[in-house]
Structures are given as structure tokens and as C-alpha cells.
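Asker: model this:
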Amino acid sequence: MKDKRVPDYYIGKNGYEARRVVSGFGLNYNIGSAVTYLLRAERKHESPEECIQKAINHLEFELEDLKELKNNKDDK
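Answerer: Here you go, the predicted structure:
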């Protein structure tokens, strides 16, 4: 039975929900959000640019977090 709280643009042709894919791979917030935006990019709006940009933003946030972690590790 379809979960009414999940919009159709988050469900693939195979029935997989974006959130379950993210969870199944154990992705963190930024990478999971990027994947979710990319999975819905062609389905939510007329043009995918907004979703693709949001995915890029989250990947940039993740890179910033990784650099910060590395810098903190190097400082010790």
C-alpha cells in the first residue's frame, strides 16, 4: 500500500522510495539529500535545474564538513 505522505516524485518506476534508497545505503544527511534531489530532479518541476543545484549545494556542504574534520584532525 502506498504511503500517502510520500509524493509520487519520490517513488521510482520500480516502486523504490528515495528515502529508503538513502537509508539502505546508510548515507549521511548531505549525501542523502543530494541523492534524493537528483532522484526527483526530472519529476518534480518542469526543469531539473533547481533540484540539481540543491544537490550540488549539499555536496559542497559535505566537502566543507570533510575539510573541517581533516583540519581538526591535523590540529591534534
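Asker: what comes up buried for whichever strand or helix holds Y37?
Answerer: Element membership for Y37, per DSSP states H and E: helix 29-44. Neighbour counts over helix 29-44 (16 or more other C-beta atoms under 10 Å) mark 30-41, 44 as buried. Glycine gets a C-beta too; all of them are placed from N, C-alpha and C.
Asker: tell me who's in contact with E64.
Answerer: By C-beta atoms under 8 Å, 6 or more residues apart in numbering, the contact list for E64 is empty.
Asker: find me the pLDDT at it, would you?
Answerer: E64 is assigned a predicted lDDT (pLDDT) of 98.
Asker: hang on, the earlier thing: now, which of the buried residues of helix 29-44 sits nearest N72?
Answerer: Ranked by distance to N72 (C-beta to C-beta), the buried residues of helix 29-44 are led by N30 at 17.3 Å.
Asker: distance of that closest one relative to N14?
Answerer: Relative to N14, N30 is positioned 25 Å away (C-beta to C-beta, to the nearest Å).
Asker: same question for K67.
Answerer: K67 sits 36 Å away from N14, taking C-beta to C-beta as the criterion.
Asker: so which of these two has more stuff around it?
Answerer: Neighbour count, other C-beta atoms under 10 Å: between K67 and N14, K67 has more, with 10 against 5.
Asker: how far does the host helix or strand of that one sit from the chain's center?
Answerer: Assessed by DSSP H and E, K67 sits inside helix 49-75. How far helix 49-75 lies from its chain's middle: 13 Å, per C-alpha atoms, centre = their mean, to the nearest Å.
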